[in-house]
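Engineer: mind looking at a prediction? Sequence and model below.
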Amino acid sequence: MKRALFFLLFPCLLPVQADESPPTKYAEILGFRQTVVIEATSYIGTVTMDDSNRISVAACEVSARTIHCYGLRLNGNVVDFDEIKPLVDAIDSLCKLDKTATRLDSFEATYTTRGGLRFFRSHGKDHPDVVMVSLAYTAPNGDIVKGYGNYTAAQMSELKALILKAEAKLQEIQK
C-alpha cells in the first residue's frame, strides 16, 4: 500500500519501458527471423575531409518475401527512403544558418534522423563555421561504432549531391 501511494505521489519515478521497436522500416525488415532477408546496395560516392574522416553514401534495398524497403546508407547509418527529402532540406537549412538566426550571442541547431544520424551546427565566438555530422551504428559483429566529423558548407553540398544521386537511383528501381 505504501509503495502504491509513493508512486501516486511521485509518478515521475516509475520505471520507464524502453521502446525496443526498430527506429527505421529498413532496420525492422533486417530484423526479421525465420525468413530469407536480402539486402542490396549500390555505392554512390564518398565525401572526404582533410583529416581523412569520410562519409560514404550508398543506395540500398532490403526485402523479405513480398516486403521491400529502400533507403540510404551513410557509413553504417540507414535512412529510410521517406526521410531523404527531409534530410536534404535539413542539410540546406543547417548550411544556411548564420549569426542572424538569433539575436543572442550563439546558437546550436541539430537534425536527427529516426536511425540516429545527427547533423549539428553551432555558431558563436568559440565555434568553427562547419556542420558536424555524428555517426553511430551497430556493426555486423554487434559493436556500436561511433564517429563524427566537421564538414564545410562545400563538403555538405557534395554530400547533398550524393544523397540526391542515390535518391534518383532508388526512384528509378522502384518504377
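Structural biologist: Received the coordinates, thanks. Everything numeric here is computed off the predicted structure, so don't read it as measured data. Numbers count the residues shown, from 1 in each chain.
Engineer: what does the lengthiest helix in the chain rub up against?
Structural biologist: Longest helix of the chain, by residue count under DSSP state H: helix 153-173. With Cβ atoms under 8 Å, 6 or more residues apart in numbering as the test, helix 153-173 has contacts from 42, 44-47, 49, 55, 57-59, 61, 70-72, 74, 81, 84-85, 87-88, 91-92, 94-95, 129, 131, 151. Where you see a C-beta, it was placed from the backbone N, CA and C, and this is true even at glycine.
Engineer: any of the residues you listed buried? List them.
Structural biologist: 44, 47, 55, 57-59, 61, 70-72, 74, 81, 84, 87-88, 91, 94-95, 131, 151 (16 or more other Cβ atoms under 10 Å).
Engineer: residue contacts, Gly71?
Structural biologist: 24-26, 60-62, 78-81, 83-84, 170 are the contacts of Gly71 under Cβ under 8 Å, 6+ apart.
Engineer: next, name the residue at the spatial heart of the chain.
Structural biologist: The C-alpha lying nearest the average C-alpha coordinate of the chain belongs to Leu117 (Cα atoms, centre = their mean; 2.4 Å).
Engineer: my guess is that one contacts Leu74. True?
Structural biologist: Yes - Leu117 is within contact range of Leu74, at 6.0 Å (criterion: Cβ atoms under 8 Å).
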